[in-house]
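Undergrad: can't give you the sequence, but here's the structure:
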């Protein structure tokens, strides 16, 4: 399902190609694949089991109007101001991740609090990310395959917001509260992005939803050749959240704490394939979350193969669950990172953007995928 949202950018040295219109100017609006938006929301907000992992049941969809433009029913995302603000901010974080992934080729995200709360202060490969003044810090550390690391601030609002507003001035100051230093103790400049989304309401039909993106930077000298070691740390933290959802607690812990796992401890997995023709041949490590009041869509045969469950074949209303997986090559890479350390993640690269396949399936460039369980099939057990 697609929605549209207006867009505006500020302080970008060059307009991203995907935001350039036919005349060379900046596009006034962009399309949003709600399955991909939910996918980012799911990876960002939930641990192992979300309330409903089916992207077709994205919990915010029921709060949207049926219009093509992105618009919220009634007076906002909730019945009271506190709830509306909380839900708006959650959705704003999903929009931040979606925008950077879709339009800026930045596919990896780690929460800033992991670096600022002392968990990683002694294991950042000699780098240090520290708070240097009181107040809110940016929300994210982000990374690209070009060995660049970025700071990110995500906001969601139902009130008016603009680049010249008091709110934007406040958000810009957050980048000055964080300092990134290299192993030699030199403060380095880190590009940052602010993405603020204003969600239009049904009660204000003349207002349009808009995504505003700005490109500020922290103080300091730029990295002379990028920051591959710091990039690999962000990649490790990014995939830790995915490993957690794949029921790989040991792998997730190693990636989250930047430690290693001894060879004798194996990661037991199941290899799957997608049954839709455009994705045939792509293998995934994963499993499924069974829907409430549903039934197990697969049974294991005595020879170790899996087969569709023949139980209750006459019932058409039983949901079969949602598949969550990671492309096999990406899984092998993060398993190698857990064995040899974050330097082994230097060879991990985001996948090519896959063309649209089906509205209930989302396949991101980091290799993670979600979709209806009945559109996937387990092939074999494997250990890494």
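TA: Noted; the coordinates are in hand. What you are looking at is a predicted structure, and each value in this text was computed from that prediction instead of being measured. Numbering: from 1, shown residues only.

Undergrad: Let's check: the centremost residue of the chain is which one?
TA: Geometric centre of the chain, nearest residue: residue 40, 3.7 Å, by Cα atoms, centre = their mean.

Undergrad: mind checking how far that one is from residue 175?
TA: 22 Å (Cβ to Cβ, to the nearest Å). For the C-beta atoms, the positions are set from N, CA and C on the backbone; glycine is no exception.

Undergrad: who's in contact with the closest residue to residue 83 other than its chain neighbours?
TA: The shortest distance from residue 83 to any non-neighbouring residue, by Cβ to Cβ, 6 or more residues apart in numbering, is to residue 77 (7.3 Å). Contacts for residue 77 (Cβ atoms under 8 Å, 6 or more residues apart in numbering) come out as 60, 63, 83-84, 87-88, 91, 158, 199.

Undergrad: Redo those residues as JSON lines? Include secondary structure and distance to residue 383.
TA: Output for those, formatted as JSON lines (DSSP: H, G, I helix; E, B strand; the rest coil; distance: Cβ to Cβ, whole Å):
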{"residue": "60", "secondary structure": "coil", "distance to residue 383": "38"}
{"residue": "63", "secondary structure": "helix", "distance to residue 383": "43"}
{"residue": "83", "secondary structure": "helix", "distance to residue 383": "45"}
{"residue": "84", "secondary structure": "helix", "distance to residue 383": "47"}
{"residue": "87", "secondary structure": "helix", "distance to residue 383": "41"}
{"residue": "88", "secondary structure": "helix", "distance to residue 383": "44"}
{"residue": "91", "secondary structure": "helix", "distance to residue 383": "39"}
{"residue": "158", "secondary structure": "coil", "distance to residue 383": "49"}
{"residue": "199", "secondary structure": "coil", "distance to residue 383": "45"}
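
Undergrad: any residues touching stretch 99-109, and which ones?
TA: Here stretch 99-109 has contacts from 16, 18-19, 30, 36, 40, 43-44, 97, 140-146, 150, 152, 193, 195, 211, 213, 231, 234-235, 238, 350, 364-366, using Cβ under 8 Å, 6+ apart.

Undergrad: meant to ask about stretch 178-192, not that
TA: Residues contacting stretch 178-192 (Cβ under 8 Å, 6+ apart): 112, 116, 125-132, 137-138, 148-153, 175, 215-223, 227, 230.

Undergrad: how far does it sit from the chain's center?
TA: Taking the mean C-alpha point of stretch 178-192 and that of its whole chain, the gap between them comes to 24 Å (Cα atoms, centre = their mean, to the nearest Å).

Undergrad: And stretch 31-42, by the same measure?
TA: Centroid separation between stretch 31-42 and its chain, computed with Cα atoms, centre = their mean, is 9 Å.

Undergrad: List the buried residues in that stretch.
TA: 32-42 (16 or more other Cβ atoms under 10 Å).

Undergrad: With stretch 261-274 instead?
TA: Using 16+ other Cβ under 10 Å as the test for burial, stretch 261-274 gives 261, 267, 269-274.

Undergrad: which outside residues touch that stretch?
TA: With Cβ under 8 Å, 6+ apart as the test, stretch 261-274 has contacts from 246, 248, 250-251, 254, 280-287, 323, 325, 328, 331, 335, 338-339, 361, 369, 371, 375-384.

Undergrad: Please indicate which of these are buried?
TA: 246, 248, 251, 254, 282-287, 323, 325, 328, 331, 335, 338-339, 361, 369, 371, 375-378, 382, 384.

Undergrad: before we move on, back to that, which of the three states applies to the residue nearest to residue 83?
TA: Following DSSP: H, G, I helix; E, B strand; the rest coil, we place residue 77 in the coil state.

Undergrad: What of residue 99?
TA: helix.

Undergrad: could you measure it against residue 131, distance?
TA: Taken as Cβ to Cβ, the span from residue 99 to residue 131 is 25 Å.

Undergrad: more neighbours, those two?
TA: Comparing residue 99 with residue 131 by other Cβ atoms under 10 Å, the one with more neighbours is residue 99, at 27 against 15.

Undergrad: still on that earlier bit, so of the buried residues of stretch 31-42, which two are at opposite extremes in space?
TA: 32 and 42 (15.3 Å; Cβ to Cβ).

Undergrad: re earlier: phi, psi for the residue nearest to the centre of the chain please.
TA: Reported as degrees, to the nearest 10, the phi and psi values for residue 40 are phi -60, psi -40.

Undergrad: can you pull the contacts of it?
TA: Neighbours of residue 40 in contact, by Cβ under 8 Å, 6+ apart: 94, 97-98, 101, 364.
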